[in-house]
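S.K.: here's my sequence, what's the structure:
(chains A, B, C and D, ligands or ions: 4)
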Amino acid sequence: MSNITLVEAVSLALAYELKHDNDVVVLGEDVGINGGVFRATSGLAQEFGTDRVIDTPLAEAMIAGMTVGLAAQGMKPVAEAQFMGFIYPMIEHIVCHAARMRNRTRGRITCPLVIRAPFGGGIHAPELHSESVEAIFAHIPGIRVVIPSSPSRAYGLLLAAIRNPDPVLFLEPKRIYRLHKEEVIDDGEELPLDMCFELREGTDVTLVTWGSMIKETLEAADKLEKKGVSAEVIDVATISPIDMDTILESVEKTGRCVIIQEAAKHCSVSSEISATLADRGLYSLLAPVKRVTGYDTIMPLFKLEKKYMPTTQRIIDTVNEIMELSS
Amino acid sequence: MSNITLVEAVSLALAYELKHDNDVVVLGEDVGINGGVFRATSGLAQEFGTDRVIDTPLAEAMIAGMTVGLAAQGMKPVAEAQFMGFIYPMIEHIVCHAARMRNRTRGRITCPLVIRAPFGGGIHAPELHSESVEAIFAHIPGIRVVIPSSPSRAYGLLLAAIRNPDPVLFLEPKRIYRLHKEEVIDDGEELPLDMCFELREGTDVTLVTWGSMIKETLEAADKLEKKGVSAEVIDVATISPIDMDTILESVEKTGRCVIIQEAAKHCSVSSEISATLADRGLYSLLAPVKRVTGYDTIMPLFKLEKKYMPTTQRIIDTVNEIMELSS
Amino acid sequence: MTTVASFNVEYKQYLSPAGELVGDITPDIATDFEQLKALYETMVMTRVFDTKAITLQRTGKLGTYASSLGHEGVHVGIGSAMNYEDVFAPSYREYGVQFCRGVKMSEVLLFWGGDERGSNFSGPKHDFAWCVPIATQNTHAAGAALSFKLRKEPRCTVSVIGDGGSSKGDFLESINAASAFKLPMVLVIINNGWAISVPREKQSSGETLAQKGIGGGLPSLQVDGNDLIAVHHEVKAALKRAREGGGATVIEAITYRIGDHTTADDASRYRDKDEVENAKKLEPIARVRRYLMNNNQWSVQQEEQLLERCKRMVESEVKVYMDTPMPPVTDMFDYMFAELPHDLVSQRKFAQELDK
Amino acid sequence: MTTVASFNVEYKQYLSPAGELVGDITPDIATDFEQLKALYETMVMTRVFDTKAITLQRTGKLGTYASSLGHEGVHVGIGSAMNYEDVFAPSYREYGVQFCRGVKMSEVLLFWGGDERGSNFSGPKHDFAWCVPIATQNTHAAGAALSFKLRKEPRCTVSVIGDGGSSKGDFLESINAASAFKLPMVLVIINNGWAISVPREKQSSGETLAQKGIGGGLPSLQVDGNDLIAVHHEVKAALKRAREGGGATVIEAITYRIGDHTTADDASRYRDKDEVENAKKLEPIARVRRYLMNNNQWSVQQEEQLLERCKRMVESEVKVYMDTPMPPVTDMFDYMFAELPHDLVSQRKFAQELDK
Ligand SMILES: Cc1ncc(C[n+]2csc(CCOP(=O)(O)OP(=O)(O)O)c2C)c(N)n1
Ligand SMILES: Cc1ncc(C[n+]2csc(CCOP(=O)(O)OP(=O)(O)O)c2C)c(N)n1
Ligand SMILES: [Mg+2]
Ligand SMILES: [Mg+2]
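M.R.: Ligands and ions are numbered 1, 2, ... in the order given. As a prediction, this is how the structure comes out:
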């Protein structure tokens, strides 16, 4: 049992699987001796050797393609995209191969791979180091997209992702990599890959979010509580497939929903959740479904990034707006 | 004035701009002497020379990157992705550069480029020749995504796309490339890039769609008419930015909306339209917003493809379902 | 001024178009007539199959089909040089390789007939399926090769790429990967002169395509791709080196796409008849036959018997294909994931209802 | 067996670490002391700037910054060989090139200070902005070069790539593009030994990185990247050839990243101190100073004055940077499109309200 951060929980899960499954290899740029630019693979090359924790040449298409090739031959590769902004050259392999191999071959060849990528803004980073384009991948049939938002969920979900016999994109909210520590038992227990986590119960409004916006959302819920508004908070965690039943159930109870994401709004994960409410949850709705999101603009360089990202206050304001509309 | 198909209208618009603007060049695989695998650039190399209509090596990242480079230096390149299923290696350049160059340089460098790609299924083609992943691009801030659904709209929208000073992804619904002919006046008149087209007026339900599903949607509207259901049909045409005002107005009138798309459902363009209705249009809704879409599976090889794609009957059934729910 | 590195690209041919042995050595395969006859038969079978497949397409019984006419030498040369345990990462027209490895003709037909079950073939279960996105198979092959290296298995991957595809990043990155990790793999560039309508010269002004391998410091050579013996011998040598830890090789095999790109293509739009006629004179099957006949290993009668046999076998495979029942609609769902997620469970049910 | 193609990679050095002329020719620049002194001053200025930028980062006045310490020779060598009309497609640390071309230090600081306005720089308006996604600048450079060729303008593009980036598809595809279209461009691989923590050997087992150019049949050579004269001379020669229609060249310049990858990196985690100490002995500035001094073109006093001047200029640029007011929140919207689409009009209004 140890008190660790989210990024340490990532390392811990990787170490656990490297130790218990010889088919697992970790690969990517700078994941070896350097332990990754965020130290998510810190110490692993030293412990498991550079045949298990492999520094690759700087070529993302190659990394993704080799990861597919490794997985297709029965290994369980865990590749890293150094930042989500550099995942684009991997997309052809993710969409055309990882997501399709089992279906294409009617189960003959499978792709038990994981691609990890730190994502999101707010860390004062250079251009293209702050992207949140999870929606692109959530749209692609055949891959799972998982986003942890706490150390223990990072540990359990990453273990599940590595063990899952199908490809998983594992997106790590880097803004909260070191936000707080939590006790994580290193017992190899995985968490389910198709369930939301209810972080807070409430009766007036359902706040749905994932990744680093969990922080602002929980803060908003606390502040709303003080003003007499009881907010339920749901961490979606697995944005594909998404556990809409839990969200629908919650909205059935509260009648109101606000979805919070850092990503741009247009055709995003928040759109899907809201659209499902407009279909399957329409009769429960007491107020418009609102979305608190990044703007449909380029994530700015860091001088303006705070003005791009949703704030606790914006969440509170939006909840207040729909409470008023429906009171 | 000539009676032409959609794919001929594409050629006609390209020829018009090649003739009237020396900065325009067409490039891609097989676009030269061969005139493109769908003949969308037929005759252009012969008429304008291989310096204006350029066969490239087989390398999509290179095509996209060179297109960005050409545009950044003041040319107006129109590149072709031979099929949308092969656009993935272009994504890094589209997302990281085409969509960002103006913003990145505060207007110093711009990217007046067009990338054309035939998309969609139903033509009995091999694997990865039938994709509809417009949602990926609709999510990306900084690019326009345009989808014509008739010869005249193809002509006018493509002219507008080429002349637009910003990057445009122009997706051509290949299933209806030769579906019907229409008189198109070759007068260089463009159509607006931020407006829906209302193809049919109605009072009971709004059917929203784009691309090749226009065919089934109009058929469904005709059949519904006969059963006494009056359907309004909207061709979204520019899915990014999307003209939600026209859709909202229509739903305000009809109280019901069904969105039809060939693409997979999860986190798609239909999600966005529905989500906006759940927010800004909630109080007009008499019934759940339904979506008739492809399944969240891999588009199958052609033996099963017809069972993947939405049919006229599915649209009719869905309309009937919500009519019943709200009558 | 110092020269820090020097490179040569050699060209290998052992069997001339006239069916005579040439070149400075006589590869083992050239005098192993039993094997050579078997390979010859596979080449002929591949061509008979190819002709039939085109007919099936023309008569509406098959979808778009990519012919391998003229490629039989390079394909069977590769297939016969590999071990069963090796992994082949094909593109989309290397039937000759696959037939050597146990893939059935009916499976090829299923694939082009729009049925995923074709890719669940009887060839080595570890071989990759047909790969539509150009060059991506090359990095898969690199990954597979790395798995053999990590597991210390004496296996190699062989992967192919076209002259057109040799321009694409994935091919070039796979050369780099092979170099960086010293992978047990062989990359064969099948230069058939054309990438749909784009001729080889437009892909690169480099003297050869083989020289792309020099970028990673890999041994890089050209062979006459219409020379079964040269392809077999050089691929085998490269595999031996790879298996012994010597790393990867890039082989450019020069052949010619005698047919259209696929049945959806019309090469007369962009290609001179003369060029095709000239190329036909160099095609790979006739020269092996001449060589066998010159050496009294083959007769007109044997040829006739072989053609008969091939036709019968092709017909029986076509029958298997034509008799294959439609896949159920649920197949769309049932191979998406090991375990179907809940949202797909309901979509599956819906599709099933709809199909009733 | 026939040799169908042969290639050499030459290594060029004209100024030894001791500051003495070596090599078989004496480049013009070596005896043009006025220009050489000007270039020397730019190198020194770049280093003074670099030191200051790191200090600014350490004191919280700048974001992550990528140092150019040790790269001044290759950077100024490139920048001084180009014409103003040429187009430079940088990566992210080639300040020396950009200072030669008119980019201001305050603009570099704005960029690393998290302000897009830095990329709207005073250097040639046609130069590309800093490019974060590795190697993508290379295909942009190919596109720009194609535009010059199509418009028959006597202009070239120069684009750089790191040793790490030389593994990526975009770089390799740009070599192919340059070859296929015979483009007026020069690709310089700035091999500084490291790609963050990954050493050059792990990128490729090829003898050189220059030889990647051989893949496209391009003239490909190595230069001592710490030798200003060699870089300047060879880039200039390559540009001349390109401008005259002779096509592209690949130049691998061997230098060393003396500092951390960026201020966010700690190279001591993965790199030997000794290696760095040895590399320092080869660094590019001292050898030009030695050469100038050996030729009585430079004195200790001039050196002191230069350093004074550099410090003053850097300080004044830092002041411009520090005095730049925050961009308005609306800047997030106003450069997205030539004309703001309606949905962004309302988002812009919302953001503006929120910011009040
Ligand atoms: C990434 C990608 N781009 C484009 C295509 C479309 N396409 C299929 S085959 C082909 C030409 C391939 O030529 P070559 O590599 O020479 O192989 P060949 O068909 O001649 O064997 C093209 C452009 C594709 N399948 N994948
Ligand atoms: C496509 C992409 N992948 C990864 C990164 C992260 N990254 C930034 S610099 C760098 C190493 C670059 O090394 P090299 O090419 O040798 O250039 P150097 O920094 O040494 O000048 C990496 C991996 C990136 N910016 N872009
Ligand atoms: Mg070819
Ligand atoms: Mg480097």
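
S.K.: show me what from the stretch 151-300 of chain A comes close to chain D.
M.R.: Residues of the stretch 151-300 of chain A lying close to chain D by CB under 8 Å from any CB of the partner chain are A:266, A:295-298, A:300. For glycine as for every other residue, the C-beta is placed from the backbone atoms N, C-alpha and C.

S.K.: again, but for the stretch 1-150 of chain C
M.R.: C:1-12, C:23-24.

S.K.: okay, and which of these map to strands?
M.R.: C:2-12 (DSSP state E).

S.K.: for the closest residue to residue A:102 other than its chain neighbours, list the residues it contacts.
M.R.: Residue nearest to residue A:102 in three dimensions, not counting chain neighbours: residue A:110, with 4.8 Å by CB to CB, 6 or more residues apart in numbering or on different chains. Residues near residue A:110 by CB atoms under 8 Å, 6 or more residues apart in numbering or on different chains: A:71-72, A:101-102, A:165-166, C:338.

S.K.: tell me the SS of residue A:110?
M.R.: Following DSSP: H, G, I helix; E, B strand; the rest coil, residue A:110 is assigned to coil.

S.K.: look up the pLDDT of it for me, please.
M.R.: Note for residue A:110: predicted pLDDT of 98.

S.K.: equivalent analysis for residue C:159, please.
M.R.: Residue C:159 is assigned a predicted lDDT (pLDDT) of 98.

S.K.: would you list every one of the strands in chain A?
M.R.: Using DSSP E, strands in chain A cover A:2-4, A:24-28, A:53-55, A:76-80, A:114-119, A:144-146, A:168-173, A:182-184, A:197-200, A:205-209, A:231-235, A:238-240, A:257-264, A:290-294.

S.K.: let me know which of those strands is tucked in deepest.
M.R.: strand A:205-209 (a mean of 29; mean count of other CB atoms under 10 Å in any protein chain shown).

S.K.: what pairs with it, parallel or antiparallel?
M.R.: With DSSP bridges as the test, strand A:205-209 is paired with strand A:231-235 (parallel), strand A:257-264 (parallel).

S.K.: for that strand, C-alpha coordinates in CSV please.
M.R.: Taking C-alpha atoms only, strand A:205-209 is exported to CSV below (Å, rounded to 0.1, in the frame of the first residue of the first chain):
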residue,chain,number,x,y,z
VAL,A,205,-28.3,18.1,-11.3
THR,A,206,-25.9,15.5,-12.8
LEU,A,207,-22.5,16.7,-13.6
VAL,A,208,-20.8,14.4,-16.2
THR,A,209,-17.1,14.6,-16.9
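
S.K.: which residues are contacting that strand?
M.R.: A:217, A:220-221, A:224, A:229-236, A:247, A:250-251, A:253-254, A:256-261, A:273, A:315, A:319, A:322-323.

S.K.: stretch C:285-294 now?
M.R.: So stretch C:285-294 is in contact with C:15-21, C:33, C:36-37, C:39-40, C:43-44, C:47, C:72-73, C:226-228, C:298-299, C:303, going by CB under 8 Å, 6+ apart.

S.K.: mind giving me the ChimeraX select for these, buried ones only?
M.R.: Per 16 or more other CB atoms under 10 Å in any protein chain shown, the buried members of those correspond to this ChimeraX selection:
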select /C:15,16,17,19,21,33,36,37,39,40,43,44,47,72,73,226,227,228,298
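
S.K.: how about low-confidence regions in the chain?
M.R.: Chain wasn't specified; assuming chain A. A:1 (pLDDT under 70).

S.K.: should've been chain C
M.R.: C:1.

S.K.: close to ligand 3: what parts of it are there?
M.R.: C:162-163, C:192, C:195 (CB under 5 Å from the ion).

S.K.: which residues of the stretch 1-150 of chain A fall in helices?
M.R.: For the stretch 1-150 of chain A, the helices defined by DSSP state H, counting those that start in this stretch cover A:6-20, A:44-48, A:60-72, A:91-93, A:101-104, A:134-138.

S.K.: now these in TSV, with distance to residue D:288 and mean neighbour count?
M.R.: Below are the helices of the stretch 1-150 of chain A laid out as TSV (distance: least, CB to CB, whole Å; neighbours: other CB atoms under 10 Å in any protein chain shown):
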stretch	distance to residue D:288	mean neighbour count
helix A:6-20	45	22
helix A:44-48	40	17
helix A:60-72	38	30
helix A:91-93	46	29
helix A:101-104	56	26
helix A:134-138	49	28
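
S.K.: ok, back up a step: which members of the contacts of residue A:110 define the maximum pairwise distance?
M.R.: A:72 and C:338 (14.7 Å; CB to CB).

S.K.: quick check: buried residues in stretch C:110-125?
M.R.: Applying 16+ other CB under 10 Å to stretch C:110-125 flags C:110-121, C:123-124 as buried.

S.K.: the residues you listed in helices, which ones?
M.R.: Among those, the residues falling in helices (DSSP state H) are C:110-112.

S.K.: which residue does chain C bring closest to ligand 3?
M.R.: residue C:162 (3.7 Å; CB to the ion).

S.K.: tally of neighbours for that residue?
M.R.: 27 (other CB atoms under 10 Å in any protein chain shown).

S.K.: and if you look at residue C:274?
M.R.: Neighbours around residue C:274, by other CB under 10 Å: 8.

S.K.: now it: phi and psi?
M.R.: phi -60, psi -40 (degrees, to the nearest 10).

S.K.: so what's it up against?
M.R.: With CB under 8 Å, 6+ apart, residue C:274 has no contacts at all.

S.K.: now residue A:58. Nearest residue, chain neighbours left out?
M.R.: Residue A:58's closest residue in space is residue D:164 (CB to CB, 6+ apart), at 3.9 Å.

S.K.: quick one: the residue positioned nearest the centre of chain C from ligand 2, how far?
M.R.: Nearest residue to the geometric centre of chain C (CA atoms, centre = their mean): residue C:94, 2.8 Å. According to CB to the nearest ligand atom, to the nearest Å, residue C:94 stands 32 Å off from ligand 2.

S.K.: can you tell me the element the nearest residue in space to that residue that is not next to it in sequence falls in?
M.R.: Nearest non-adjacent residue to residue C:94, counting by CB to CB, 6+ apart: residue C:75, 5.1 Å away. Using DSSP states H and E, residue C:75 sits in helix C:72-81.

S.K.: how about residue C:190?
M.R.: strand C:185-191.

S.K.: so after that strand, what's the next helix or strand?
M.R.: strand C:194-195.

S.K.: I'd say residue C:3 and residue D:6 touch.
M.R.: No - taking contacts as CB atoms under 8 Å, residue C:3 lies outside contact range of residue D:6: 11.5 Å.

S.K.: burial count for the closest residue to residue C:90 other than its chain neighbours?
M.R.: Closest residue to residue C:90 apart from its sequence neighbours, by CB to CB, 6+ apart: residue C:130 at 5.9 Å. Applying other CB under 10 Å, we find 24 residues neighbouring residue C:130.

S.K.: can you tell me the SS state at residue C:130?
M.R.: coil.

S.K.: give the contact list for it.
M.R.: Counting by CB under 8 Å, 6+ apart, the residues that residue C:130 touches are B:127, C:90-92, C:111, C:119.

S.K.: list just the nearest of those residues to residue B:16.
M.R.: residue B:127 (35.0 Å).
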